[in-house]
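# Task: produce atomic coordinates for the following.
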Amino acid sequence: MFRLYDTRTGQVETIGPARRGLLRMYSCGPDAGRPAHAGDLRSYLVADLIRRNAEHRHHLSVLSCETVSDLGDPAHGEDSEHGFRADCSALNLRPAEHSPRASEGIDPVIDIIAGLIEAGHAYPAPGGSVYFDARSFASYGELSGNRLAGLRPGAAPPGGAGGTGEAQKRFHADWALWQGTPAGRGPAWPAPWGAGIPARHAACSALSLRFLGDAIDVQTGGIDLLFPQHEDERAQSDSATGHEVVRHWVHGDHLLFDGHANAVRVADLTARGLDPLALRLAFLEHRYRQQVNLTWDALGAADLTLRRWRHLVAEWACSPSKPLHRPVAERIAAAFDDDLDTPAALRSLHQLEQDTDVAPGAKFESFAHADQLLGLDLARDVGRLG
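So this is what the prediction gives:
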């Protein structure tokens, strides 16, 4: 099988399905309240690469779920969600089998919260809110390394409850699963403990369990979600089921642009005449666990490489057919299996491009074969030369 770095264990782990032949994967979906930027898309590329490797290299079926967070204003978020889907398509990110909107999954959220209250992992508070009892989950902090002093069942709250506005908490580390909403102050859904809105991480737990079941092989996301969101999700899901739900946690690192927090969008690339897949290639030039500082020069260089490769692939396609170059195919496969080492895979293609001992027909087959994993549409111009 292939290997990925597991954030929880802190080491590269062998990845395989809990249920034979079917890899179940969950990704925290987009925030429908704002347009997606390149940093968001880099996170979803990780899930796409895992899917491609599982399907093409290891002949697994993949069942994935990606919850859309639209709880703030469901109607307002529709345009942003459509834009996100268009950006994903432009980057050849394959859609999840299930993309539930959080606003359409309130019943499962209420069910999981009710179960957590009954089991003693959560408690209602005045005003209609419900909090998770952090002390009820002994391994809280294991995922992110943010272990909290005194965080064990029965421990006294260090320093009492939270600050202003959080006096309803019993413990400083408790977090809201459901936030009570006064009448007329924004979206609200009825619940046994009072009208309100579920927290995003509560919706993620409820909907991932609903659509993927209680054995999820991989959960992906950006490192910015590690704490507190993913830490909270793990506590909620594991407490609701009584066992470890997510077998492996995989996080991509931050993306900067010219040294600053990234706000570049796919539309910015197309406005400059760049192919959106140049952004995908620029991502692939770095390991997903490496912080990346993109620049317009780097994107321009990626665009030139992409166009050159497509032209060469179209030329090679006109040559007599030859079997793919097996050594290169094996090196690329090994690179993907080794914690998605995409820079190594690209180096193999650059070397093959320059190798005069390999027949053009074999180069065509090798590039087309590698593109099943890379997703760069390298054969796009085949048949268009003239």
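# which strands and helices sit next to the helix or strand hosting Ile50?
Assigned by DSSP states H and E, Ile50 belongs to helix 38-52. If you count contacts as 3 or more C-beta pairs under 8 Å, 6 or more residues apart in numbering; DSSP states H and E, helix 38-52 packs onto strand 22-31, strand 61-69, helix 78-90, strand 216-222, strand 246-252, strand 255-257, helix 276-284, helix 360-374. Where C-beta positions appear, they are placed from N, C-alpha and C, glycine not excepted.
# Asn53: how many residues sit nearby?
Using other C-beta atoms under 10 Å, Asn53 has 23 other residues around it.
# mind checking which of the helices and strands packed on helix 38-52 is nearest Ala114?
In terms of C-beta to C-beta, the element of these nearest to Ala114 is strand 61-69, at 19.5 Å.
# Report the inter-axis angle for the closest one versus helix 38-52.
Angle of strand 61-69 versus helix 38-52, following axes from the mean of the first three to the mean of the last three C-alpha atoms, to 10 degrees, is 160 degrees.
# Would you mind checking which of the helices and strands packed on helix 38-52 scores lowest on average pLDDT?
When these are compared by mean pLDDT, helix 78-90 comes last with a mean of 86.
# returning to that earlier point: what pLDDT, on average, does the helix holding Ile50 get?
Computed over helix 38-52, the average pLDDT equals 96.
# ditto for stretch 140-151
77.
# please begin residue numbering at 26 from this point
OK, 26 is where the count begins now, so the last one is stretch 165-176.
# Which parts of the protein are helices?
63-77, 103-115, 131-143, 225-237, 256-266, 291-296, 301-309, 321-341, 351-362, 367-379, 385-399 (DSSP state H).
# relative to helix 321-341, how tilted is the helix holding Ile75?
Helix 63-77 runs at 30 degrees relative to helix 321-341, counting by the same axes, to 10 degrees.
# Touching, Tyr51 and Cys90? I think so.
Yes: contact between Tyr51 and Cys90 holds when scored by C-beta atoms under 8 Å: they sit 5.2 Å apart.
# Counting neighbours, go ahead and name the busier of those two.
Taking other C-beta under 10 Å, Tyr51 and Cys90 do not tie; Tyr51 has more neighbours (30 against 23).
# got the CA positions of stretch 364-377 in CSV?
Taking Å, rounded to 0.1, in the frame of the first residue of the first chain, the C-alpha atoms of stretch 364-377 are listed here in CSV:
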residue,chain,number,x,y,z
ASP,A,364,4.0,10.3,1.1
LEU,A,365,3.0,11.9,-2.1
ASP,A,366,6.5,13.0,-3.2
THR,A,367,5.3,14.9,-6.2
PRO,A,368,8.6,16.8,-6.7
ALA,A,369,10.4,13.5,-7.3
ALA,A,370,7.7,12.4,-9.7
LEU,A,371,8.1,15.7,-11.7
ARG,A,372,11.9,15.3,-11.7
SER,A,373,11.5,11.9,-13.4
LEU,A,374,9.4,13.5,-16.1
HIS,A,375,11.9,16.3,-16.7
GLN,A,376,14.7,13.7,-17.0
LEU,A,377,12.6,11.6,-19.4
